[in-house]
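>>> How does the following fold in three dimensions:
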Amino acid sequence: MKKLVTIIAEQADNQWSVWFADLPQVSFSGDMPADGIRRLLAHFGADQFDEEKISAVEDETREGHLEFVIPLRYHRRIPAPSVN
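All right, here's what the predicted structure looks like:
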């Protein structure tokens, strides 16, 4: 079973900020959530993630942001020292 990573997307001032739920100090933005997600995954190495299997958790959470899950390809954690 592949490890799933949660991505948070939140809109403010016509921009979407996107970050990993476990690593909120690293975020990227874009006009749409998909733009920020692409930048976020590229920063950590897009080959680490199974981008074709990203899915929305809900339309919107009670907190007002969007959540997505994406599987890691190699059963690793997010490749960042602060998470490992």
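>>> Who are the packing partners of the worst-scoring helix or strand of the chain on mean pLDDT?
When the helices and strands of the chain are scored by mean pLDDT, DSSP states H and E, strand 55-58 comes last with a mean of 84. In this structure, strand 55-58 packs against strand 66-71, with contacts taken as 3 or more CB pairs under 8 Å, 6 or more residues apart in numbering; DSSP states H and E. From N, CA and C alone the C-beta is placed, and that goes for glycine too.
>>> Name the spans of this structure whose pLDDT lies under the cut-off.
By pLDDT under 70, the weakly predicted segments of the chain are 1-2, 59-63, 75-84.
>>> Quick check, residue 54 in contact with residue 70.
Yes - using CB atoms under 8 Å, residue 54 makes contact with residue 70 at a distance of 4.3 Å.
>>> Mutual contacts of these two, please.
Common contacts of residue 54 and residue 70 (CB atoms under 8 Å, 6 or more residues apart in numbering): residue 7.
>>> higher neighbour count, those two?
residue 70 (23 against 17; other CB atoms under 10 Å).
>>> The more buried one and residue 18: what is the separation?
Counting by CB to CB, to the nearest Å, the separation of residue 70 from residue 18 is 11 Å.
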